[in-house]
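Colleague: Generate a structure from the sequence data that follows.
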Amino acid sequence: MARILIVDDSPTQTLSLAKILKKHGHEIITATDGAQGVEVAKAELPDLVLMDVVMPKINGFQATRQITKNPSTSHIPVIIVTTKDQETDKIWGARQGAKSYVIKPVEEATLIEMVNQFLPK
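Modeller: Model prediction:
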């Protein structure tokens, strides 16, 4: 069982992701915007972060960069989960330190495969 931080400003999307992850035995932590996501990542040190992009305060790209570049949180894999489906968005996500990039709506099997791939062994 892993502790996974979901950072998304949509309660519906958060609930949907949480339901899938809980079904597979994971513990869920949530944040409703990028700034809160960075703070929760520092405080809770989750095993993995699922990061939306389009959010208030700071966007998911900025939050990903802050998490992956901070020495206290740089070990935490970040997977971007967003509706932004352009190739340039995927490249930019990788440049911010994201391990992977998944387009919403995400299938359960795809999400679990991705999560399992990047969880610490």
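
Colleague: Could you tell me how far Ile76 is located from Arg95?
Modeller: 17 Å (Cβ to Cβ, to the nearest Å). The way it works is simple: take the backbone N, C-alpha and C, and place the C-beta from them, glycine included.

Colleague: higher neighbour count, those two?
Modeller: Ile76 (22 against 11; other Cβ atoms under 10 Å).

Colleague: State the three-state secondary structure for the more buried one.
Modeller: coil (DSSP: H, G, I helix; E, B strand; the rest coil).

Colleague: Please look at it and Leu48 and confirm they touch.
Modeller: Yes: counting by Cβ atoms under 8 Å, Ile76 touches Leu48, with 6.7 Å between them.

Colleague: Now for these two: what residues contact both?
Modeller: Jointly contacting Ile76 and Leu48 under the rule Cβ atoms under 8 Å, 6 or more residues apart in numbering is no residue at all.

Colleague: does Phe61 really touch Lys90, like I thought?
Modeller: No: the criterion here is Cβ under 8 Å, and Phe61 misses it with Lys90 at 11.1 Å.

Colleague: who's more crowded, those two?
Modeller: Phe61 (22 against 18).

Colleague: Work out for me the element the more buried one sits within.
Modeller: helix 60-69 (DSSP states H and E).
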